[in-house]
Structures are given as structure tokens and as C-alpha cells.
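**Student:** kindly generate the corresponding structure for this input.
(3 chains)
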Amino acid sequence: MDASLLTIQPASPEPIYRQIVEQLRRLIASGQLHAGELLPSVRDVAGFHAINPMTVSRAYGLAESEGLLERLRGKGMAVASNGHATHSQSQRLALLDPQLSAVAQHARELELSADAVMRRLHKLMGDSK
Amino acid sequence: MNAVLKSAANDTAWPLQARGIVHAYEGRYVLQGVDLTLAPGSVLGLIGRNGAGKSTLIRALLGLLQPQAGEAFVFGEPALRMSDASKVRIAYVPQQPDALAWLSAAQMFDYLSRFYPKWDRAYAQRMLDRWQIVPNKVMAKLSPGERQRVDLIRALASQPDLLVLDEPVAALDPVARRELLREIALRAGEQGATVLFSTHIVSDLERVASDIAFLHEGKLLLHCATDDTKECYARLWLPADQAVHVPADALSRRRHDDGSVSCVVARDAGARWPDAANRPGARIDALGLEDLFVEIAE
Amino acid sequence: MNAAKLFLLPWWGAPTLTRGLIGGLLAILMLIFIVVAATGRLGAREMYGAWCFIDLLAWALLMPNALVLARDARALRLPALERDAVLSLIVYAVALIVVPGLLIPPPASLTSVQTLLSFALFAAVPLAYMCLPGYLAAFIIVGWLILNQLSPNLAAVANMMNFTVWAAPMLLVLLLAIAWSWRRTVRGAIAAASHSAPMVLKLRMSAWKGSDKADIAQVRQRPDWLRAQPDLRRCGPEFPQQSLRVVLGGLFLPQRWTSRLRTWLWAVLWSSLFVAFMMLQAWSRHPQTGWLWRAGLFATLAWGIGFGASMVALISVLRLGRVWQNVTGELPLLALLPGLGARGDLLRAMLAPPLYTQLPLLALSLICALSLHLRPAALAFVLLTQVGAIAFVVVFVLLIAGGKLPNKWLVSVLGCAGFVLVSVSLFVPTLSDASTIRLPAGNLADWLIAGWLALGAILFCLGLRGWRGLVQRPHPFLPNGT
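**Tutor:** Next up, the predicted model:
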């Protein structure tokens, strides 16, 4: 994996270490990162994005404690091999939960029915294919 | 043996510490009792509006001015009576530096290198090339941006344990700015250098600062880890009929034309928002740092 | 905009302190003029001469500020203000040239048109001097001096027979030059530091003592071959005195000997111009070799000590004062460089260069004084001025490093007193026997000695104050005046 795969948005209300963890989670869930694949070193990520190395370490640490990554002795961090490679649909769907609940809230504020929103979503996903 | 013990004790001392610093210019209080401590290896971003007293605080911290009350310590020594052993470990770049204008950059580096045993000659040369500064041009003839870059190079080339930069990025273009931030981040992360820099560009702060201190009207309004800032503080919006329930400890409050109120609130020890957040119609908005500061400073 | 505002406009362009000084000076002069004129004691000739002088001062000091204002107005996109600046010149021209031209009776040798014309000239010459670029303005001064030199009896030559014939075209040329310079300064947005900036901007730049930005501008302007070549060989923590001098800069900078020689040659060249001028003047009065030689020696003495020694003292003290004011300049560097904190080293670094520079000047003055066969009393006074310059440096170095600089007014009063004492001590005893000059009370020599003693006592007290401040300060590199 290359450090450029991550994007950092300092202005976002989400702390940078969480941005990194979320992106790793998505990259792994979507299969763009396979089990056992080595991650760029803390220095590479920090240097590439000009961010504090401690932020990167913290993100890796959190990802490790969540079981996304594992520490390979002498090699650094790698994508964990414990079954994350085969993600069930429900696991991947769970990743969308934050965005979906935001959509649900906005739809209620705009007094839109679930059906109308679903139709729109179908159309959007159909178009994007 | 004694010397070893002593230097070990110094190493564990806080790189920078301020206790109750008060200072006034011509009767106007610029600093009103500031307490601040920098842990070794941390990168503290000092933020505040123009005229908030950032430069004065930095100068007081380094013993470059005598505050009217309070005391500053550098590596455990009183800042106003620093030993040479501590001075070797410090680099400071003032806002708009203009010292030694009668020397060229090469001459200044040659001169300064004799004072700093760890001076990195190759780094200085590399950075001059990279930032396209003519080494033999007298510094009075450099543009303010080039002049500041020369001073940043000189600060970094001395490989300090404590790096203090006053508005370092104001005169840099985006590419040079990113390079400087990268250098700051890596120095802190790998060499354990402690960095203090003041700025009013918040995005820089969010990238490299491990801690943030917000100086407003001579007081430190908040001082905490950068990551926590975004999670611990948020804007609470209360509709007009709930406006009386603004928490007493809110950091700021702003009344809108329609009677509604917004304020900045912090999570309590149990990571819960104040009770007012649960009132009907109340809304909690997560904020980026920039929005947070605008909200507080207004 | 009404007439009153047009009258006030040039004052807005003046810096606050100068505004007070110019205003005070002009007000006092006008008041004296009006009161004395009202008593009817002044003849037409004296009144004419006095008004010429007031006119000259007003147009040299006050009116050029309108140009500064017009330039700023253009930069701020305020066309109305820019126009008003020109209008105010016209209003002042009416008030200072036309009205007095009609009121003041012309002296016997002049017609009223010629009086008006000469008032206009006395306004146009200083205004042109202030508004033209430095290199052109110098011609006005040089031309004036040469004219003065070639015709000692200028009044007789220009016996106003054909005054109108040469004065009117000259006025026209000056007015055109002013108009050209005005336009180019306002529209071209010429930087104050550039070579072609008008004198009024340059003077303002050099009077800008708030920080050492002016010093930097000076280094920037100087051509490379004239710039000091620093000698950085003996620097570092083991050579604190030499290292401190590098940071103090200016006169204090350690230089390679070629560079130092060049600086001295440059100073000698300029001084010899002055000496040559004095010799020329002496020659025009008494065309004898003896007089020429004496005049040369005397000029060297006056220039070498009266100017040289005091200027070296003044320049070094001003430079140090600026270093201790600029918080983003050399001061933080001095405070944070390891190995430079010892007070003794600092005092030596601050004192040695200005005091060593006094040595060749002292030798020069002794040689001149001996060749002139000065009386011992006169020699003593000459040496006293040099002792005074040295004391001034020592005291102000202590005050600056000790953070105890007295306020500006006391410093300027001291400066004026020192200047008067130095010039009287230099010129009067060397030209005549001071002990024989009778003043209303006592003779001059006694008064001079009393003056020097008083100045010495004040300097001693100040020096003591500075020393105590230096001892009490936690370190000597704390900024002054903030």
C-alpha cells in the first residue's frame, strides 16, 4: 500500500486519526487492501501528508486494537488476516450506517417518505454503474 | 557522576513552562496570567487573533522580555537566566526576522555554525538550493519571504531540542509551507524535538500540532490535544424558547436575531454533552477547528 | 473642501513630532515678525529679508508634506484628497507670497513686481529641493554654493537691474521641475528607498528611527563594492567579543582590512571635499599660501574632531539604540546565542569600536593643533570636546545595555547642549583668545568650563543609573522602550 491512498482533510470536524482509521476500514472492506498486505510506515504517512507522526501511530494503534491491522515483528503494520478478507454483506452495510442515518434525519426534516428516498437512491446507484 | 545526574534531571524537565505570566504595554494588558506547559516531543500550536498576545507570550517564554508578573522556565531553568547549555538546544524564529541583514545567508550560516555543535551543514545547503535562495546575496536584498526562509533553515539546521516559531508560515507559498510542516512533524516524531509555533492558519495546526492552545484577549481559553479538541467541543444551538438553558460554563455564547442562541460547550468527565443538549429542538454540531475558533473568538 | 481645511492639509502629511516642531518654529517666527513689524521699528529692507527667511522655512519644511499626502492619497484611491493637496499649495502660495508681496513695502532697490518674484523664488527653490530626486536636488545646493562662492557680492552683482530678466525664467524652470517631479512621484508610486525618490521621502525615511529597518534599507541601497566585507574568522563561543561585534553590525562589524581601508578612504574623501571647500573660501578672501594652509589645517581640525569624533559617537550610539529596540532583529539572536551572555564581553564589544576610532582622530587633531600653534588653553578645549564625545559613548552604552534610557526630550536637550558646547569650544578658542572674550557676566572661558562641568555631572549621574540597571537586569539583551 502507498501513503497516497489515504486522503487527509484537516478542516473536517472528524479528527485526523479517525479519518485514517475509517479509510483503512473502507479500503479493507472493499478489498482494496488484502490480508497480510504491509502498510506504509508511520514516517512515510506522516511525511507524505505533513501530519504529526503521533497521529498516525495513534490511528494504527486504534486500528490494531479493532482487529483491522496486526503488527508483524520487524516488518511493521499489515492488514490483519483473521477473516476480515471475507466481509459479509451485513458487515459492509454497517459501514454505511453513519451516512445512512444522516440521510434519514435530513429526509425527515424535508418531510420526504422513505419510498421516495429509496427510489432516488436506486436511481443514483443505477446511474453510477 | 554528578554531571550525568544533573543533565538527566534537565532532560526530564519540561522544555517550556510558564506560570502566571502577566504583561502590559503602555497600560494595556496583553497577557493576563498565562499558565502553559509543553511536554517533551509535543508540537504545540498557539493560535489566536492578531494582537491576541501570541508574540509577547512567546518572547516571555524564552526570556526575551521581562514579564511584569509570573515566571517562565526553559528546560527547568528560569528563562531570563538561561545557561549556555540550554541556549544551544533552542532555536527561535521571530515574526519577520531581520537580523544580520549585512551578511549573506552563507556568511550567517558560517557564523552560526560555530555556536551549535550539532549544526547540519549539508541540510542548510540542501534547503538553500531547494528554496532557491542565492547564498552569497546580502540578506538586506532578499524579499521578506526569502528572508524568513533563511531564518527557518538556520533554526532547523542547528538541530534544536526546542524549536519556537512565531508565525512561520505567513510568508511562505503553499509548497514551502507544506515542506516546513513536514519537517516540523518529523523532527518532533523522530528526534523527539519539542515545537511551539504560533499561527492563524488553522489547517496547518490540525495537521502537525499534537496540542493546541488558544490565546484570546491575553488568556489561554483552551489547551488540549488536537484530536480531543474536535471530539470534546461542539456547538450547541438552542431555539429561542430554550435560550435560558445555556450552560453556565459555555465557552462562548452568541444570540441570533430570531432569539435562538448558539454556544460552544465541552463534554463532561463521562464524555456526555451538557443536559441542555437534550432539550427539545436543541442541536449539537461537530465543528472543525476553524469554526470552533471563530465561534469562540467572535 | 473649504479654505480652512486646505490650510490644514499639509500639516496632516507631517509626522506628529515634526508637526509640533515646525508648527512651533513657524509660529514663533511669525509672531516675532508681526509684533516687531507692528511696532514700526523695522525698515523695509529688514522686513523684506525676514519674510524671505520665513518663506524659505515654510516651503522647505511644511509644504513638501503636501506631496507626501498626495502620494498617499493616490495609493488609497482618494482622488479628491489628491486634488486638494495641489489646491493647498495654491492657497499657501497666495498666503505666503502674494499677500505679503502686497503688504510689505518693497525695499528701495526693488520694484513691487520684483519683490513678489523674489518671494516666489524663495518658495520655489526649497520646494524644488525637497520634491526633486536626490541626485537632481544636490545640484540645487551645489549650484547655490558655487553661486555664493563665485560672487561674494551677489547682492551687488544682481543689483536688481536685470533681476527680472534672469529670475522669471528661473522661476518658470523651477515650477516646471516641481510639476514634473510631483506628477512622477504621485503617479509612479516611487519607493522611498529608491535612488530617485524625492528628498522629502528620503529624509522621512532616514528620520524613521522606530526600528532598524532604516539601517537595512541603507545596506540594500549601497552598491556591492562599497559594502563592508565582514571578517568572520575569529568568531564563535571562544571569541565572544568579536562575535558580539558581528551581530551589532554597522561600525562594530569586524571587517577585513581592505574593507576597513575602503571605509576610511571614503570618509577621508568626503572630508577632504569639505576641507577643499574651506580652503577655496579662504583663498577667495586672502589669496596667500599661508592662509590657505592655515584654513586647511583649521578645517581638518573642525571636521576631524568637531564633526568626526562627535559623529562617530553619535552614529554608534544611535545604532546600538536601534538594536535594543527591534525585537525581531539582532536582540533575540544575542539573547539566545550560547556563550555571549557575559556583561564584560558585551561592554567591551560595544565600547571598543567607537573608542578605537577616536584614536586616529585624536592623533590628527593633535597634529593640526600643533601645526596651528594653538594656545595651550585652546588645545585643552579642543581635547575636551573629544573627551566629551568619549564620555557620551560610555554613558549611553551603559544606559542602553542597562535599559535605563532617559526619555526623548531629555536626550534631545542634552544633545543640543552638547552640540553648542562642542562647537563653541572648538571654534571660539581656536579663532581667538577665549579668556579675553567678555560676556555680560564673566568671560567665555569660565562659562565654557562651567558648561562642561555641568554636562559632565549629568552624564556621570546617567552613567551610574545605566550601570545599576545593567547589574540589576537578568540579562542585558532585553528590549528597551517596550
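
**Student:** what does chain A have sitting close to chain B?
**Tutor:** A:8, A:10-18, A:42-43, A:46-47, A:49-55, A:58 (C-beta under 8 Å from any C-beta of the partner chain). C-beta: built from backbone N, CA, C; applies to glycine.

**Student:** go with 7 Å
**Tutor:** Counting by C-beta under 7 Å from any C-beta of the partner chain, chain A comes close to chain B at A:10-17, A:43, A:46-47, A:50-55.

**Student:** does B:Arg234 sit in a helix, a strand or a coil?
**Tutor:** No Arg there; residue B:234 is Ala. strand (DSSP: H, G, I helix; E, B strand; the rest coil).

**Student:** burial of the residue lying closest to it once chain neighbours are set aside, as a residue count?
**Tutor:** Counting by C-beta to C-beta, 6 or more residues apart in numbering or on different chains, B:Ile284 is the residue found nearest to B:Ala234 once chain neighbours are left out, at 5.0 Å. By the criterion of other C-beta atoms under 10 Å in any protein chain shown, B:Ile284 has 15 neighbours.

**Student:** for whichever strand or helix holds B:Ile284, packing partners?
**Tutor:** Using DSSP states H and E, B:Ile284 sits in strand B:283-286. Where contact means 3 or more C-beta pairs under 7 Å, 6 or more residues apart in numbering or on different chains; DSSP states H and E, strand B:283-286 is packed against strand B:233-238.

**Student:** buried residues, the strand it packs on. List them.
**Tutor:** By 16 or more other C-beta atoms under 10 Å in any protein chain shown, the buried positions in strand B:233-238 come out as B:233-238.

**Student:** residues in contact with B:Asp110?
**Tutor:** Listed by C-beta atoms under 7 Å, 6 or more residues apart in numbering or on different chains, the contact partners of B:Asp110 are C:Leu232.

**Student:** assign it to helix, strand or coil.
**Tutor:** Under three-state DSSP, B:Asp110 comes out as helix.

**Student:** could you measure it against B:Gln125, distance?
**Tutor:** Per C-beta to C-beta, to the nearest Å, B:Asp110 is found 11 Å from B:Gln125.

**Student:** just B:Gly192 next, same as before
**Tutor:** For B:Gly192, the distance to B:Gln125 equals 25 Å [C-beta to C-beta].

**Student:** if we can go back for a sec, sitting in strands, which of the residues of chain A next to chain B do you find?
**Tutor:** Judged by DSSP state E, the subset of the residues of chain A next to chain B located in strands is empty.

**Student:** ChimeraX command for the buried members of the residues you listed?
**Tutor:** Those of the residues of chain A next to chain B that count as buried under 16+ other C-beta under 10 Å are selected in ChimeraX with:
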select /A:10,15,16,17,46,47,50,51,52,53,54,55
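
**Student:** what element comes up after the worst-scoring helix or strand of chain C on mean pLDDT heading to the C-terminus?
**Tutor:** In chain C, no helix or strand scores lower on mean pLDDT, DSSP states H and E than helix C:154-157, which sits at a mean of 50. Sequence order places helix C:163-188 as the next helix or strand after helix C:154-157, per DSSP H and E.

**Student:** give the other helices and strands that that following helix contacts.
**Tutor:** helix C:64-75, helix C:112-131.

**Student:** now do the longest one: which elements does it pack against?
**Tutor:** This points to helix C:112-131. helix C:44-57, helix C:64-75, helix C:99-103, helix C:134-150, helix C:163-188, helix C:199-206.

**Student:** and the gap between the residue lying farthest from the centre of chain A and chain C?
**Tutor:** In chain A, A:Glu111 marks the outermost C-alpha relative to the chain mean, sitting 30.7 Å out by C-alpha atoms, centre = their mean. Distance check for A:Glu111 against chain C: by C-beta to the nearest C-beta, to the nearest Å, it reads 52 Å.

**Student:** tell me the secondary structure at that residue.
**Tutor:** Under three-state DSSP, A:Glu111 comes out as coil.

**Student:** picking that back up, tell me the confidence at the residue nearest to B:Ala234?
**Tutor:** Predicted confidence (pLDDT) for B:Ile284: 84.

**Student:** hmm, it is touching B:Glu231, no?
**Tutor:** No - contact criterion C-beta atoms under 7 Å: B:Ile284 and B:Glu231 do not qualify, at 11.9 Å.

**Student:** given whichever strand or helix holds B:Val195, what are its sheet partners and their directions?
**Tutor:** Of the helices and strands defined by DSSP H and E, B:Val195 is found in strand B:194-199. Taking DSSP bridges as the criterion, strand B:194-199 sits next to strand B:43-47 (parallel), strand B:162-166 (parallel) in its sheet.

**Student:** which of those sits most buried?
**Tutor:** Highest mean neighbour count among the strands paired with strand B:194-199 (mean count of other C-beta atoms under 10 Å in any protein chain shown): strand B:43-47, with a mean of 27.

**Student:** taking helix C:199-206 as reference, get the angle to whichever strand or helix holds C:Lys5.
**Tutor:** Taking DSSP H and E as the definition, C:Lys5 sits inside helix C:3-13. If you take axes from the mean of the first three to the mean of the last three C-alpha atoms, to 10 degrees, helix C:3-13 sits at 50 degrees to helix C:199-206.
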